[in-house]
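Engineer: Only the shape, not the letters, is given here:
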């Protein structure tokens, strides 16, 4: 029996990489995004494509309900919705702050709520994986808003893992460092910027969407059946290792 994957934020760089993993695994996949044209550009006529803004309760409910109606209850959720804001709190407007919370935390909460409700209604287990950031684990200058949002996501993951473990529902997250994706393109737009960014990491490299998708797909799989409530850093040693100063 095929697994049913729901991938939110599917048209982004990470979302596409995760969908490719699901396709390789033979899963039935529902892809969601706020822009149906972007979904069409990304996937052509493949997969169930759902236009929905999961940063709202109504949008998340629509995405999950459509998946249930058209494919079945999702057994795997890869939540790839998010945004980046690099600015100190004193220079962050209220609208910017609200947008960061909505994109990174509200979307995760509403999607979690609706997926676990569907799984419990169907009497089945499920595996959910969210995307955090290393900025929620260690202080990085000018990341106050996104650190607050992703810090809330990390706490949500642990609480939800405790709540739903008796129903066989696992909840985890990955916490990447800087990734070479379209969302981070402005930070890697020149060789000098790329080199400077890589030097921040003990292993001296920038992560890829495919690396994060590999970890997410493993956490979603039965191979990780005893893993829940974890936030896995994939950051070239950034949060755990002091780089060698040459």
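Structural biologist: Perfect, thanks for sending it. Note that the coordinates shown come from a computational prediction; the quantities given were computed from them, not determined experimentally. Numbers count the residues shown, from 1 in each chain.
Engineer: contacts and neighbour counts: CA atoms only from here.
Structural biologist: Fine.
Engineer: and the longest strand for this structure?
Structural biologist: Scanning the chain for the strand with the most residues, using DSSP state E, yields strand 169-176.
Engineer: From the contact counts, what lies against that one?
Structural biologist: Contacts defined by 3 or more CA pairs under 8 Å, 6 or more residues apart in numbering; DSSP states H and E place strand 169-176 against strand 126-131, helix 144-164, helix 209-220, strand 231-234.
Engineer: try it again with 7 Å
Structural biologist: Secondary-structure packing of strand 169-176 (3 or more CA pairs under 7 Å, 6 or more residues apart in numbering; DSSP states H and E): strand 126-131, helix 144-164, strand 231-234.
Engineer: Poorly predicted segments of this protein, please.
Structural biologist: Within the chain, the stretches with pLDDT under 70 are 1, 180-190, 192-198, 202, 243-246.
Engineer: Compute the inter-axis angle for the longest strand of the chain and strand 126-131.
Structural biologist: Strand 169-176 and strand 126-131 are oriented at 20 degrees to each other (axes from the mean of the first three to the mean of the last three CA atoms, to 10 degrees).
Engineer: Need the contact partners of strand 169-176.
Structural biologist: Strand 169-176 is contacted by residues 125-134, 157, 160-161, 216, 228-235 when judged by CA atoms under 7 Å, 6 or more residues apart in numbering.
Engineer: likewise stretch 120-137?
Structural biologist: Residues outside stretch 120-137 that contact it (CA under 7 Å, 6+ apart): 75-80, 119, 143, 147, 150-151, 153-154, 167-177, 216, 220, 233, 239.
Engineer: so residue 140 sits in a helix?
Structural biologist: No: counting by DSSP: H, G, I helix; E, B strand; the rest coil, residue 140 is not part of a helix but coil.
Engineer: separation between residue 142 and residue 94?
Structural biologist: In this view, residue 142 and residue 94 are 15 Å apart by CA to CA, to the nearest Å.
Engineer: Looking at the two, which one has more neighbours?
Structural biologist: Neighbours were counted for residue 142 and for residue 94 using other CA atoms under 10 Å; residue 142 has more, 17 against 10.
Engineer: Could you pull up the residues touching the closest residue in space to that one that isn't next to it in sequence?
Structural biologist: What sits nearest to residue 142 in space, not counting adjacent residues and going by CA to CA, 6 or more residues apart in numbering, is residue 88, at 4.2 Å. Contact analysis of residue 88 by CA under 7 Å, 6+ apart lists 142-144.
Engineer: Do a quick rundown of the strands in this structure.
Structural biologist: Using DSSP E, strands in the chain cover 4-8, 28-33, 48-51, 76-79, 126-131, 169-176, 179-180, 207-208, 231-234.
Engineer: can you put these in CSV and add distance to residue 15?
Structural biologist: Below are those laid out as CSV (distance: least, CA to CA, whole Å):
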stretch, distance to residue 15
strand 4-8, 7
strand 28-33, 9
strand 48-51, 13
strand 76-79, 8
strand 126-131, 11
strand 169-176, 13
strand 179-180, 13
strand 207-208, 12
strand 231-234, 17
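Engineer: can I get these in TSV with mean neighbour count and distance to residue 62?
Structural biologist: What follows is the strands of the chain, written out as TSV (neighbours: other CA atoms under 10 Å; distance: least, CA to CA, whole Å):
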stretch	mean neighbour count	distance to residue 62
strand 4-8	28	12
strand 28-33	25	10
strand 48-51	20	9
strand 76-79	27	15
strand 126-131	26	18
strand 169-176	25	21
strand 179-180	20	30
strand 207-208	18	31
strand 231-234	20	27
